[in-house]
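Asker: the sequence and its predicted three-dimensional model are supplied below.
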Amino acid sequence: MNWKTYHFNELSVGKLYEILKLRVNVFVVEQECPYPELDDLDQESVHLEYAEGGKTLAYARLVPAGVKYDIPSIGRVIVHPEARGRGLAKQLMNHCMEYILSEWQAKEIQLQGQVYLQEFYESFGFQPVSEAYDEDGIPHVDMKYTAK
């Protein structure tokens, strides 16, 4: 499988465009949720991607500690609509967590998940640390993973 990590300055213009297009197509268009997708966190983040035939099928953004939260976080977790049902979301989360725990030597990871995915994130050991709240018209919950 072709999983890759990129720092922002390693992304080609074409790859960055492809990632941003996927994020906008799913988070803004498919979910009918206009929100500021470009939030100035991409430049500080590590971008984890799975591609086949040059097409991004799974992606997440790993934000270092001190940029968004005091601890590293996972965000923009996405699987291309054409690739859903193949188990890529589970593989993506495993790769995200492995990178943060091993490369950054983190003991905790935070994420801001959509409420309908809470059980999915709990299956990786994340626990809710907030009540459900509205974020741009979609119910979200803050969750944290603590390494054992």
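Answerer: Now that the structure is in, tell me what you want to look at.
Asker: other residues contacting the lengthiest helix in the chain?
Answerer: Using DSSP state H, we find that the single longest helix of the chain is helix 88-103. By C-beta atoms under 8 Å, 6 or more residues apart in numbering, the surrounding residues in contact with helix 88-103 are 1, 3, 5, 46, 48, 50, 57-60, 62, 72, 74, 77, 79, 106, 109, 120-121, 124, 145, 147. In this view, the C-beta of every residue, glycine as well, is placed from N, C-alpha and C.
Asker: what is the neighbour count of S102?
Answerer: A count of nearby residues for S102, using other C-beta atoms under 10 Å, gives 9.
Asker: quick check: the gap between it and P81.
Answerer: 31 Å (C-beta to C-beta, to the nearest Å).
Asker: over to F124?
Answerer: Using C-beta to C-beta, one gets 22 Å for the distance from F124 to P81.
Asker: more neighbours: these two, which one.
Answerer: More crowded of F124 and P81, by other C-beta under 10 Å: F124, with 16 against 11.
Asker: how about the more buried one, nearest residue that isn't a chain neighbour?
Answerer: Once flanking residues are discounted, F124 sits nearest to M93: 5.4 Å by C-beta to C-beta, 6 or more residues apart in numbering.
Asker: please apply the same query to G137.
Answerer: Going by C-beta to C-beta, 6+ apart, G137 has C33 as its nearest residue, at 5.6 Å.
Asker: now swap in P139 and tell me
Answerer: V115 (4.0 Å).
Asker: so where's this structure shaky on pLDDT?
Answerer: For the chain, applying pLDDT under 70 flags the ranges 1.
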